[in-house]
Structures are given as C-alpha cells and as structure tokens.
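J.: Give me the fold of what follows.
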Amino acid sequence: MFSSLKALPADPILGLSIKYRADTNPKKIDLGVGVYKNEAGETPVLKCVKKAEKFRLDNELSKTYIGGTGSASYNEEMTKLIFGDHKVLFENRVKTVSTPGGTGALRVAADFISRCKKGAKIWLSNPTWANHKAVFTAAGLEIQEYSYYDYENKTLNFDAMLNDLKTASADDFVLLHACCHNPSGMDLSHEQWQQIAQVAKDIGFTPLIDMAYQGFGDGLEEDAYGVRLMADTVNDMILCSSCSKNFGLYRDRIGACTVIGETAATTDIALSVILNVARAIYSMPPAHGAAIVERILTSEDLRQEWYSELAEMRNRINSNRTVIVDKLKEKGVTRDFSFIANQKGMFSFLGITPEQVQQLQDEYSIYMVGSSRMSIAGIAPSNVDYLAESIAKVL
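T.: Numbers count the residues shown, from 1 in each chain. So this is what the prediction gives:
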C-alpha cells in the first residue's frame, strides 16, 4: 500500500532550519524560524513559567483527563485576557475550550466551520501564515484570498482589502489577524478595524480572528482592540489564540478556541459541536501548558512578573526593527527600509528578490524564507553589523 506514495517536499521553514543547523559558518544567522530569541540567540524558559511549573510539580495529584473543554480556570483566564470585561462575558455569549496550540485551535475552528456549512468559503489575507491554507483545505473548506500587503510600497493595501471583503457573502468566513500580522508585520489601525467591522456587520459574514501574538505588538490591551471591537459589532465570531509566543510555551502546545454566539443558547449549541469536533481530532486537550498559564494568570506576583518579561520581549523586537534600519543606512544602503521600523510583531518582508535571498544564504549563511520574510527576533547586537553588511553587498 505505501509503495504508491510519493515523497512530499519538506515544509520550507522547517527545511530552512535543517539547513541552518548543518551550516558550519560561525557567522550564520537564522531569520527563518518564527520563535522568540534573546540577544544570545536562545529561546529561554520565562522565569514566571519556571516558578509556575515548580508549583505544578509540587501540587499535581493526578494525570487523569481533565475533560474535553480542558481546565475551566485556564479557559476563563484566557477569555478574560483576550476580552477584558467585555459585555459578551456577562451575557454568557462566549465559550472557550483548550486546544493543542494555536494550530490545534485553527483546525477545530476549521472543522466547526465545516459543520456550520459544508464546503464553506473562507477568506485569507494575501499573504498569510503559510499553514493557514493547509489547515482549512484539510477541513474541506474553499479558500478565497483578499488583498492585504502592497509589496511595491511596503505598506497595507487597505482600499483593495476593503473592496475585496465587500464581495464576500453572508455565508462566508473571513480570517483576520488580531495583531502582528504574519508574515508582513502590517497591522490594521483602529480606524481600519472599525471599517472592517462595519463591513462584517453589513454583509453578515462570520469573522475568524487568529490571535497568536497578543502582547507582542503594542501591549496586551492594545493588541486586543480589533477582537473586542468585532465582538461589539457582530453576532457570531470565532477566535483562535495561542500561548506559544507570549508565554514562550512553544513545545507545550497550548492554545484555545473561543466562540461567540448571538445568544447564550446558540453559544451553548456551538460549544457542543466544537467539543464533538475536538473529540474526533485529539479527544482530550493537553493539561500541562494550560496549568502553567492558569497559575501565572491567577497569581498576582507571577502575573506581574509575566507582564515584565513579555514587555522585555516586545521591546527587544521593536528595538531590533529600529537597529537594522539604522545599520543599513550606516553601511551605505540608499534604499528606504524605514517601513521595517513601522511594522509590528515577529516578522517583516525585507523586500529583496528570491535570488538575493538565496545569495544571502549561499554566500553569507543568512537564512530567511524565499519571500524575504525575516524573523526580527533573530537579530542581535552580535550579528546586526554582519547582517547589514551582507544585505548591502547583495543589494
């Protein structure tokens, strides 16, 4: 049976990581992988996470399942972190379940959408996170793209985005990035969120918001603006969130899928369907990562320590944006790269050709995705001069 299979190409980002690890150049730089790195190039365990894990090890009494929804406390704390004191909480119109990471949340959402309308159309930004298409296609959904990034002018193509979404139908679903757009780094302004929310209300399509980077843009509250505005505006919406980045729990795979319905009754029905979907995919959600997040968010001391560590990560990324722009100028580059400093989150498109990206890899051991998407967190004081010099030579 297996002899009929044909080998598939490796995921481009994962394949890039393999090449990076095999590279013996001591000056090599990894700008491909989408994980936070400190100035030493490491992805450390947060101090607050270490303390929360110790508490869990000292107090955990059983490894039995915790139920299909996951930890009720984790779900409640994540919901409050995202929505604050939004009215949907008091109206009992929001329900959250634990999932295996943000990708698990997206797959649950995808299969849930398929239950709502088999073969439904879902709109994705062009560009979007590479795995979005794979997740939604696997669930049998039809993919439609809307304009988003203007590659030539290195900015948001908002007029085209708005015009594309105005052609959506009431039966469609539209995926929006809550903040720190992956891979462009271009976020919607408050005024633009307001216009998109109004279009969603007028047409009646259902927003699905992917929130993988809360706290990595402008702050925890600031990054939730679009989510809370949309919840104010539409009757139904879905939200997928992740604790990989802001808590540094990458390998622990913990996220959440949240649904908001028009009434408490319809939300309860939606929850029952989501649980049925999850049962068929992974049966029960993981508990360890959820327990860590739950402990941090319910302990005032750990919560404050997390705020501080999260701000440190956010400020480092924002500082890296300014530093690389300044360094490129210092190395004599006349092309305008100021757009990098104005973007948010982990990623930006450098805006060079695929051939130049390959040249950076072959001649200078600098690794980024072929589209020139680079992970800003991979920049450090120890490599920024070499990076800027190499880019200058390639240009």
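J.: where along the protein do the strands fall?
T.: For the chain, the strands defined by DSSP state E cover 29-30, 94-99, 121-126, 142-147, 149-150, 155-156, 173-177, 206-211, 237-242, 255-260, 347-349, 366-367, 373-375.
J.: Please identify the buried residues of the longest helix anywhere in the chain?
T.: Longest helix in the chain, counting residues (DSSP state H): helix 300-330. By neighbour count on 16 or more other CB atoms under 10 Å, the buried set for helix 300-330 is 302-303, 305-306, 309-310, 313-314, 316-318, 320-321, 323-325, 327-328. Just so you know, the C-beta spots here come from the backbone N, C-alpha and C atoms, and that holds for glycine as well.
J.: Next: stretch 327-343.
T.: Buried residues in stretch 327-343 (16+ other CB under 10 Å): 327-328, 331, 333, 337, 339-341, 343.
J.: Show me which pair in those is furthest apart.
T.: Using CB to CB, the buried residues of stretch 327-343 span at most 20.7 Å, a distance reached by K331 and Q343.
J.: Let me see the confidence value for the closest residue to D268 other than its chain neighbours.
T.: Leaving aside its sequence neighbours, D268 sits nearest to K95 (CB to CB, 6 or more residues apart in numbering; 7.3 Å). Note on K95: pLDDT of 98.
J.: Equivalent analysis for the one 10 residues further on, please.
T.: We note a pLDDT of 98 for A105 in this prediction.
J.: Repeat that for the one 10 residues further on.
T.: The predicted local confidence for R115 comes out at a pLDDT of 97.
J.: Would you confirm that it contacts A278?
T.: No - checked against CB atoms under 8 Å, the pair R115 and A278 is beyond contact range at 11.8 Å.
J.: Looking at those two, which is more packed in?
T.: A278 (26 against 14; other CB atoms under 10 Å).
J.: quick one: that one from G67, how far?
T.: Remark: distance between A278 and G67 (CB to CB, to the nearest Å) = 11 Å.
J.: so what's L310 up against?
T.: 215-216, 220, 246 (CB atoms under 8 Å, 6 or more residues apart in numbering).
J.: Considering those, which possesses the most neighbours?
T.: Going by other CB under 10 Å, N246 tops those with 25 neighbours.
J.: Just give the closest residue to that residue, not the sequence neighbours.
T.: In space, N246 is closest to G215, 4.4 Å off (CB to CB, 6+ apart).
J.: The least confident helix or strand in the chain by mean pLDDT: how far from the chain's middle?
T.: Every helix and strand in the chain was compared by mean pLDDT, DSSP states H and E; the lowest is helix 12-22, with a mean of 85. Centroid separation for helix 12-22 versus its chain: 21 Å, with CA atoms, centre = their mean, to the nearest Å.
J.: residues making contact with it?
T.: Counting by CB under 8 Å, 6+ apart, 9-10, 28, 30, 32-34, 130, 361, 367-370 sit against helix 12-22.
J.: Can you give me the buried ones in it?
T.: Neighbour-count burial for helix 12-22, with 16+ other CB under 10 Å as criterion, is recorded at 13, 16-17, 20.
J.: And for stretch 105-118, what's in contact with it?
T.: 97, 99, 120, 122, 132, 135-136, 138-141, 171, 173, 206, 208, 210, 238, 240-242, 255-257, 259, 270, 273-274, 277-278, 280-281.
J.: Just the buried subset of these, written out for ChimeraX, thanks.
T.: The buried residues among the contacts of stretch 105-118 can be selected in ChimeraX (16+ other CB under 10 Å) with this line:
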select :97,99,120,122,132,135,136,139,141,173,206,208,210,238,240,241,242,255,256,257,259,270,274,277,278
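J.: Go ahead and flag the most central residue of this protein.
T.: Nearest residue to the geometric centre of the chain (CA atoms, centre = their mean): A212, 2.8 Å.
J.: Report the contact partners of the nearest residue to that one once chain neighbours are set aside.
T.: Closest residue to A212 apart from its sequence neighbours, by CB to CB, 6+ apart: S242 at 4.5 Å. Counting by CB under 8 Å, 6+ apart, S242 touches 101-102, 105, 211-212, 254-255.
J.: Output those as CSV; include the columns distance to I296.
T.: Shown next, in CSV, are those (distance: CB to CB, whole Å):
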residue, distance to I296
G101, 17
G102, 18
A105, 19
M211, 18
A212, 18
I254, 12
G255, 15
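J.: And these, which two are furthest apart?
T.: The most widely separated members of those are M211 and I254, with 13.9 Å between them, by CB to CB.
J.: higher neighbour count, the two?
T.: Taking neighbours as other CB under 10 Å, M211 and I254 compare with I254 leading, 32 against 26.
J.: can I assume that one is in contact with N246?
T.: No - using CB under 8 Å, I254 makes no contact with N246, being 11.5 Å away.
J.: Mind listing the shared neighbours of these two?
T.: If you check I254 and N246 against CB under 8 Å, 6+ apart, no residue is contacted by both.
J.: so where is the stretch 101-250 of the chain shaky, pLDDT-wise?
T.: Within the stretch 101-250 of the chain, no range satisfies pLDDT under 70.
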